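1. predicted model, plus sequence, below.
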Amino acid sequence: MDNPFFRSLPGKYKFPYRDYYTGQNLFSVRISSVIFLILNVAIRLLYILVPLRLTRAENFPEFDIANWVFIGVTFVFYLISNLLIEKHRKSAKATAIMSLFVFAFALYIITCGIYTSFIATADPRNSITLYLISLVVISVLCVFEAYETIILMIAGELLFTSLLFASHTSPTEMMYNQLLSLVLLCGFYLISRYFFSYKATYFLQLIEIKEKNTEIESASEFKSQMLGMVAHDLRNPIAAVESLAMIMEMDDINAETQDNLNLIKSSCVKARTIIDDLLQAARTENTIEFVTIKTELNKLLKDTIRGWRVQKGVKNNIELISSVSPVYAQINGEKFHRVLDNLIGNALKFSPPKSKIEVFLRKTDTNIIIEIKDRGLGIPKNLMPFIFDRFSKAGRPGLKGEQSTGLGLNIVKQIIEKHKGTIEVESEEGKGSTFRIFLPPESK
């Protein structure tokens, strides 16, 4: 903000900021009313408990009357502030009545400070603390436009001057008191404008964050739409190419043509895998509803492993080793199948044929632990920090040339975190890898 001591916010932010700080001002009025009311009630209790000492104090009658007035008026301000806060909550808009109410409360507190200083002694220089406190409280708790602050200063100065005349202060003392009041009011203006600027900067940052979030949400929605179009527009042509290749296989063909058809079908499978990974990444990120049910994990793992064992081309021995049965957790079956398929698929992709893939299931006092262990290539140390990144540079071709999108493990991590779990990996290059999933157990 340029020149915050004299200017308001730029045009398009002026009224939203006023709506914002008016709500904050109303809350400040309510809190201040409660504190001021408690203070005056405490003073009234002191009058009752130790009347002799207090009633002998100088200007006690004025103190006594002022105390009753402060209690009554402050309670009214408290009640009205509650009504206006409720109204502001419903509309989120500032009204002229709300602004006038806050202004009236500020003037009331300043008046209380000035009047109390005069009650304490006819020479307010000797008891200026309450006047100073009232100005500081209002400048810090409430936000005002520059013209409102100036009006408060003028009103305060007129009230101060009128009380000086009413107390028959000598010209010399009046001049000293006027100078002191002007110093306090100038300080009040500077503090008030500083907090106006500070809170305005905070408000602008909130607006900027909201605008950026809106842009991000729009970009994310556009991305999802584009991915949907990719799925719709590319899957059908790929399926058509794959179907043609299968039809051609029905005819008598030579070995070279068969190799070409195998290459076509393999390329179609890779293309479908890439599309599925992209779509899954978008769905995992944008899905709001994530439904889980109580699931027995031994059965889930057995079913997953059985599905891999019957697949054509899988020559590795996949074995489940469980030390606990039954064991239950809250699982989203579709999503968690994706986790297990990805981890077992990676283990197969980077393991030599006929090597063992082990799936361990065990339970501790705080976690259910699932481990997928292979004895394959392992992961180089320099790639370990990046394996769960989206479009990770740690993605590598498998032993049979299988391509990687760099999305699989990122999807795995997101799904596990939605299950309130974590995943970690241990790997040694040339000796294999172990992916370890930690899940919270089903609460009894």
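-> Perfect, thanks for sending it.

2. which parts of the host helix or strand of residue 137 are buried?
-> Secondary structure assigned from DSSP states H and E places residue 137 in helix 129-141. Across helix 129-141, burial judged by 16 or more other CB atoms under 10 Å covers 130, 131, 132, 134, 135, 136, 137, 138, 139, 141. Just so you know, the C-beta spots here come from the backbone N, C-alpha and C atoms, and that holds for glycine as well.

3. nearest to residue 64, of these?
-> residue 130 (16.8 Å; CB to CB).

4. go ahead and confirm that closest one touches residue 116.
-> Yes - here residue 130 lies in contact with residue 116, judged by CB atoms under 8 Å, at a distance of 4.6 Å.

5. turn the buried residues of helix 129-141 into TSV, including distance to residue 93 and pLDDT.
-> What follows is the buried residues of helix 129-141, written out as TSV (distance: CB to CB, whole Å; pLDDT from 0 to 100):
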residue	distance to residue 93	pLDDT
130	35	81
131	35	85
132	35	86
134	29	89
135	29	90
136	30	91
137	26	91
138	24	92
139	25	90
141	21	90
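
6. now those residues as a markdown table including distance to residue 244?
-> Below are the buried residues of helix 129-141 laid out as a markdown table (distance: CB to CB, whole Å):
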| residue | distance to residue 244 |
| --- | --- |
| 130 | 92 |
| 131 | 92 |
| 132 | 89 |
| 134 | 87 |
| 135 | 86 |
| 136 | 83 |
| 137 | 82 |
| 138 | 81 |
| 139 | 80 |
| 141 | 76 |
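
7. returning to that earlier point: next secondary structure after the helix holding residue 137?
-> Next element after helix 129-141 (DSSP H and E): helix 146-166.

8. quick one: list the elements packing against that following helix.
-> helix 96-120, helix 129-141, helix 171-249 (3 or more CB pairs under 8 Å, 6 or more residues apart in numbering; DSSP states H and E).

9. gap between that helix and the chain center?
-> 44 Å (CA atoms, centre = their mean, to the nearest Å).

10. ditto for stretch 81-89
-> For stretch 81-89, the distance to the chain centre is 26 Å (CA atoms, centre = their mean).

11. quick check: buried residues in it?
-> For stretch 81-89, using 16+ other CB under 10 Å, the buried residues are 81, 84, 88.

12. could I get the phi/psi values of the second one?
-> Recorded main-chain torsions at residue 84 are phi -70, psi -30, according to degrees, to the nearest 10.

13. where does the chain have its least confident helix or strand?
-> helix 51-55 (a mean of 57; mean pLDDT, DSSP states H and E).

14. low-confidence stretches in the stretch 51-200 of the chain?
-> 51-60, 120-127 (pLDDT under 70).

15. can you rerun that using 90?
-> For the stretch 51-200 of the chain, the stretches with pLDDT under 90 are 51-67, 90-94, 113-134, 145-147, 156, 159-182, 193-200.

16. equivalent analysis for the stretch 201-350 of the chain, please.
-> 201-292, 303-318, 324-326, 332-338, 341-342, 344-350.

17. residue 64 contacts residue 44, doesn't it?
-> No - using CB under 8 Å, residue 64 makes no contact with residue 44, being 9.0 Å away.

18. shared neighbours of these two, anything?
-> Counting by CB atoms under 8 Å, 6 or more residues apart in numbering, residue 64 and residue 44 have no common neighbour.

19. so which elements touch the helix holding residue 137?
-> helix 11-49, helix 96-120, helix 146-166, helix 171-249.

20. Serialize those helices to TSV and add fields for distance to residue 309.
-> As requested, the helices and strands packed on helix 129-141 are exported to TSV (distance: least, CB to CB, whole Å):
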stretch	distance to residue 309
helix 11-49	62
helix 96-120	71
helix 146-166	78
helix 171-249	25
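
21. which of these is buried the deepest?
-> helix 96-120 (a mean of 20; mean count of other CB atoms under 10 Å).

22. just checking the distance from it to the centre of its chain.
-> 38 Å.

23. same for that helix, what does it pack against?
-> helix 11-49, helix 60-91, helix 129-141, helix 146-166.

24. closest to residue 184 out of the ones you listed?
-> That would be helix 129-141 among those, by CB to CB, at 5.8 Å.

25. before we move on, back to that, in CSV: the helices and strands packed on helix 146-166, plus distance to residue 292.
-> Shown next, in CSV, are the helices and strands packed on helix 146-166 (distance: least, CB to CB, whole Å):
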stretch, distance to residue 292
helix 96-120, 46
helix 129-141, 47
helix 171-249, 23
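
26. one step back: quick one, which of the helices and strands packed on helix 96-120 is nearest to residue 296?
-> Nearest of the helices and strands packed on helix 96-120 (CB to CB): helix 60-91, 47.9 Å.

27. buried set for the closest one?
-> 63, 66-67, 70-71, 73-75, 77-78, 80-81, 84, 88.

28. format the residues you listed as a markdown table; extra columns: distance to residue 25.
-> A markdown table is the format used below for the buried residues of helix 60-91 (distance: CB to CB, whole Å):
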| residue | distance to residue 25 |
| --- | --- |
| 63 | 30 |
| 66 | 25 |
| 67 | 26 |
| 70 | 21 |
| 71 | 23 |
| 73 | 18 |
| 74 | 16 |
| 75 | 19 |
| 77 | 12 |
| 78 | 14 |
| 80 | 13 |
| 81 | 9 |
| 84 | 10 |
| 88 | 10 |
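
29. wait, a helix at residue 416?
-> Yes - note on residue 416: a helix contains this position according to DSSP: H, G, I helix; E, B strand; the rest coil.

30. does it touch residue 423 like I think?
-> Yes - contact criterion CB under 8 Å: residue 416 and residue 423 qualify, at 5.0 Å.

31. who touches both of these two?
-> residue 437.

32. what secondary structure does residue 372 sit in?
-> Under three-state DSSP, residue 372 comes out as strand.
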